[in-house]
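Colleague: Fold the following for me, if possible:
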Amino acid sequence: MRVHAEGNGRRNHGAEQAIAGDTDNPRDVWIAVGGGDKAKVWINDILVWVSGGQHKGWRADEGFRKVHPRKGYNRVLFRLENGHLGTAFSLTVCTKPNQ
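Modeller: Next up, the predicted model:
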């Protein structure tokens with residue numbers, strides 16, 4: 001999977017990050033999502049993750065989802081809202097089966 005990212009992140013205010021993933025074949029993959037404070041993730045305009053709305057620190061393993069990228073270009077949008085102090089986010093993609 002090849003990835004390109006761009007975004008409008010501003011420290012302490014939140015951000016939207018657009019990520020383009022390009023795959024050779026359609027397949028199921030697992031993602032791990034982490035965001036502090038509130039996060040939403042869409043893949044190809046389908047909402048796949050919504051975190052709780054409470055103020056919290058960032059954890060890379062906040063949530064896991066099985067997703068289904070299609071062959072070719074896949075658009076991922078990560079929206080992060082910050083309630084106080086700093087913020088961080090992560091999106092990890094596991095492309096190996098049964099891992």
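
Colleague: beta partners of Ile46?
Modeller: Beta bridges link Ile46 to Ile43 when assigned by DSSP bridges.

Colleague: Could you check how far it is from Ala88?
Modeller: For Ile46, the distance to Ala88 equals 24 Å [CB to CB, to the nearest Å]. C-beta here means a position set from N, CA and C on the backbone, and glycine is covered the same way.

Colleague: Which of the helices and strands in this protein ranks last by mean pLDDT?
Modeller: strand 2-7 (a mean of 48; mean pLDDT, DSSP states H and E).

Colleague: which one of Ile46 and Ala88 has more residues nearby?
Modeller: Ala88 (16 against 9; other CB atoms under 10 Å).

Colleague: Any regions of this protein where pLDDT drops low?
Modeller: Applying pLDDT under 70 to the chain flags residues 1-21, 97-99.

Colleague: again, only this time at 90
Modeller: The model of the chain has pLDDT under 90 over residues 1-29, 31, 34-40, 51-63, 68-99.

Colleague: Show me where it has its helices.
Modeller: Taking DSSP state H, the chain contains no helices at all.

Colleague: what about the closest residue to Arg59 other than its chain neighbours, neighbour count?
Modeller: In space, Arg59 comes closest to Gly34 once its chain neighbours are excluded; the distance is 5.1 Å by CB to CB, 6 or more residues apart in numbering. Gly34: 18 surrounding residues under other CB under 10 Å.
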